[in-house]
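Peer 1: Okay, predicted coordinates and the sequence, questions at the end:
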Amino acid sequence: MQILEVNDLSVSFTQYTSGLRQRTIKVIHGLHLSIQAGEVLAVVGSSGSGKSVLAHAIMGILPRNANINGTILYKGEAIDPARQAAIRGKEIAFIPQSVNYLDPLMQVGAQVRFSVQKGDPAIEQKKAFERYQLSPSVDKLYPFQLSGGMARRVLVSTATVSGARLVIADEPTPGLHPAVVQETLKQFRELADQGCAVLFITHDIESALPIADKVAVFYAGTTVEIASASDFSGEGHLLRHPYSKALWRALPQNEFLPIPGFQPHPDALPEGCLFAPRCGMATSECSRVRPEMRELRGGIARCTHAS
Ligand SMILES: Nc1ncnc2c1ncn2[C@@H]1O[C@H](COP(=O)(O)OP(=O)(O)OP(=O)(O)O)[C@@H](O)[C@H]1O
Ligand code: NI
């Protein structure tokens, strides 16, 4: 069953520059992706590629100056702001990139109990605290009394006790102890195995691969490839898009080869393929025409030359 489907999504922000002059920058464009029940989709890509904006668009928590086009379907039904508000925290759980999303005026144990939808709130909260190595005394603390790592573990607890059908985790693990990272990843896999769909945004491809079914590679505001996690192996020959291959080869445990050049800024995107200025395979056609996503060897890639 398809839990989440994003079709031709674009997000732009209107900003005031000098005086009353406005400018609009499009930070997500032409984005398609879907997640089935039972699936973990990892979303990777460099800083500023639009991963958090996508998460916020799905949750319905973008700021007021955002304009959204395209459709977001949850269980086959388009979601509008009213429905997003109704299912947020219940059917869709969110682990935000910033720990500032915790309610500053509520003790954290109560926040976790408040999220429990099935079973006894006190028991479920206790189990989650034990799983994430939070001592019982943390129950009565307020968010400002927590370290960054503890606050992250509280956020993960909140999402995992919620019984949500879709979990969106935006970089949930930086700064956490390796054992807690492993526990969190294991929990995502278990949630998916119980029928949940998990969208897992991360910088760490390597640690996401063992639990992910698919990987979506973001570049400059859109997906350039969606591949099976198993395609990320060896020298990356199974990957389709030159950027995914370059990203894979750039990992220290692989060839540690940096990618020359920079990701373009949203207000200065190249006319053709977004990656053409940095791509060794680029031809003159690549600088003129922006490729659409196309199916290729069981995955999807946005590249004219990929084979
Ligand atoms: N409220 C906003 N107003 C204007 N621009 C924004 C706003 N929020 C995000 N952006 C821009 O949108 C682009 C995508 O940002 P986003 O936070 O989604 O990146 P990201 O892929 O999550 O990066 P990171 O890996 O660093 O978290 C960036 O260029 C960012 O500056
Ligand atoms: Ni982000």
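Peer 2: Cool, got the structure. Residues are numbered from 1 along each chain as shown. Ligands and ions are numbered 1, 2, ... in the order given.
Peer 1: drop to CA atoms for contacts and neighbour counts, all remaining ones
Peer 2: Noted.
Peer 1: all helices of the stretch 151-300 of the chain, in order?
Peer 2: Taking DSSP state H, counting those that start in this stretch as the test, the helices found in the stretch 151-300 of the chain are 178-193, 205-208, 242-249, 284-288.
Peer 1: Pick the most deeply packed of the ones you listed.
Peer 2: By mean neighbour count, with neighbours taken as mean count of other C-alpha atoms under 10 Å, helix 242-249 ranks first of those at a mean of 21.
Peer 1: quick check, that one touching ligand 1?
Peer 2: No - no part of helix 242-249 sits close enough to ligand 1 to count as contact by C-alpha under 6 Å from any ligand atom; the gap is at least 13.9 Å.
Peer 1: Give the rounded mean pLDDT of that helix.
Peer 2: The average pLDDT within helix 242-249 is 96.
Peer 1: okay, the helices of the stretch 151-300 of the chain in JSON lines with distance to residue 223 next?
Peer 2: Supplementary listing: the helices of the stretch 151-300 of the chain in JSON lines, determined by distance: least, C-alpha to C-alpha, whole Å:
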{"stretch": "helix 178-193", "distance to residue 223": "22"}
{"stretch": "helix 205-208", "distance to residue 223": "15"}
{"stretch": "helix 242-249", "distance to residue 223": "10"}
{"stretch": "helix 284-288", "distance to residue 223": "17"}
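Peer 1: got the contact list for the residue in the stretch 151-300 of the chain positioned nearest to ligand 1?
Peer 2: In the stretch 151-300 of the chain, the residue found nearest to ligand 1 is residue 266; the distance is 5.9 Å by C-alpha to the nearest ligand atom. Contact criterion C-alpha atoms under 8 Å, 6 or more residues apart in numbering gives 25, 26, 27, 220, 221 as the residues in contact with residue 266.
Peer 1: same thing but 6 Å
Peer 2: Applying C-alpha atoms under 6 Å, 6 or more residues apart in numbering, one finds that residue 266 lies in contact with residue 27.
Peer 1: Could you do residue 60 as well?
Peer 2: By C-alpha under 6 Å, 6+ apart, the residues touching residue 60 are residue 84.
Peer 1: how close does the most centrally placed residue in the chain sit to residue 297?
Peer 2: In the chain, the C-alpha nearest the mean C-alpha coordinate belongs to residue 201, at 3.0 Å (C-alpha atoms, centre = their mean). With distances defined as C-alpha to C-alpha, to the nearest Å, the gap from residue 201 to residue 297 amounts to 24 Å.
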